[in-house]
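J.: pasting the sequence and the predicted model now:
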Amino acid sequence: MASRRPKSKHMVTLLDLGPIAETCEAFLKEKGKWQDGDEVNLMYTWGVVGREGATYIICDEGVGSGKPLEEEEYELEVAISRGGWVMVGPAAVVHLRIENVAPLITSKRVPLHTFIRSFGNRLEVNFREWVRLLDSLEVR
């Protein structure tokens with residue numbers, strides 16, 4: 001499918017969620033929900049896309065919020081991997097706002113069309129929806 005996907009001019013800047021994983025691990029240990037060998041599982045690769053004043057969080061499946069982080073926080077669900085399995089349901093929820101995402105922004109940028117994985121119609125629809133949204137930001 002990737003070969004039929006048009007190239008995008010929009011760039012995704014990757015996030016380093018290591019600090020969030022560390023905070024979640026400490027929180028889960030404190031709450032007694034952590035076992036030896038557990039790992040924090042953020043499920044996807046995350047990035048931000050948009051323009052100044054309109055920063056959107058997005059994962060590599062094209063899931064994210066239709067509202068910029070400057071307007072609305074994003075609830076990132078965190079799972080635990082235990083014994084090679086991902087536990088059902090979120091172990092914690094992290095409330096992301098532009099203030100706590102900004103320090104996680106890296107210098108690595110990738111085109112939207114390569115950032116969103118290509119696997120089936122759902123991800124292609126997600127890709128097209130992001131292109132539509134991001135294109136609309138440019139005409140303001």
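T.: Cool, got the structure.
J.: which stretches of the chain aren't confidently modelled?
T.: Along the chain, segments meeting pLDDT under 70 span 1-3, 138-140.
J.: again, 80 this time
T.: Counting by pLDDT under 80, the chain shows low-confidence ranges at 1-4, 120, 138-140.
J.: so where do the strands sit in it?
T.: Listed in chain order, the strands of the chain (DSSP state E) span 11-15, 39-41, 46-51, 54-59, 74-82, 85-86, 92-96, 105-111.
J.: between the fifth one and strand 46-51, how many degrees?
T.: Between strand 74-82 and strand 46-51, the angle formed by their directions is 160 degrees, by axes from the mean of the first three to the mean of the last three CA atoms, to 10 degrees.
J.: re earlier: out of the strands of the chain, which comes closest to R128?
T.: strand 54-59 (13.5 Å; CB to CB). From N, CA and C alone the C-beta is placed, and that goes for glycine too.
J.: what helices or strands is the closest one leaning on?
T.: Packing partners of strand 54-59 (3 or more CB pairs under 8 Å, 6 or more residues apart in numbering; DSSP states H and E): strand 46-51, helix 98-101, helix 121-138.
J.: what residues does that strand touch?
T.: Strand 54-59 is contacted by residues 12, 15, 43-50, 64-70, 74, 76, 96, 98, 101, 115-116, 130, 133, 137 when judged by CB atoms under 8 Å, 6 or more residues apart in numbering.
J.: what do you get for stretch 61-71?
T.: Here stretch 61-71 makes contact (CB under 8 Å, 6+ apart) with 44, 48, 50, 53-58, 72, 74, 96-98, 101, 116-117, 123, 126-127, 129-130, 133.
J.: at 6 Å instead, please
T.: Applying CB atoms under 6 Å, 6 or more residues apart in numbering, the contact partners of stretch 61-71 are 54-58, 74, 97-98, 101, 116, 123, 126-127, 130.
J.: output that stretch as CSV, nothing but the C-alphas.
T.: C-alpha atoms of stretch 61-71 as CSV (Å, rounded to 0.1, in the frame of the first residue of the first chain):
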residue,chain,number,x,y,z
GLU,A,61,-0.9,4.4,13.2
GLY,A,62,-2.2,7.9,12.5
VAL,A,63,-4.0,8.1,15.8
GLY,A,64,-4.0,11.3,17.7
SER,A,65,-6.2,14.2,18.6
GLY,A,66,-8.0,16.4,16.1
LYS,A,67,-7.3,19.3,18.4
PRO,A,68,-3.9,20.9,19.0
LEU,A,69,-2.2,20.4,22.3
GLU,A,70,-2.3,24.1,22.8
GLU,A,71,-6.1,23.8,23.1
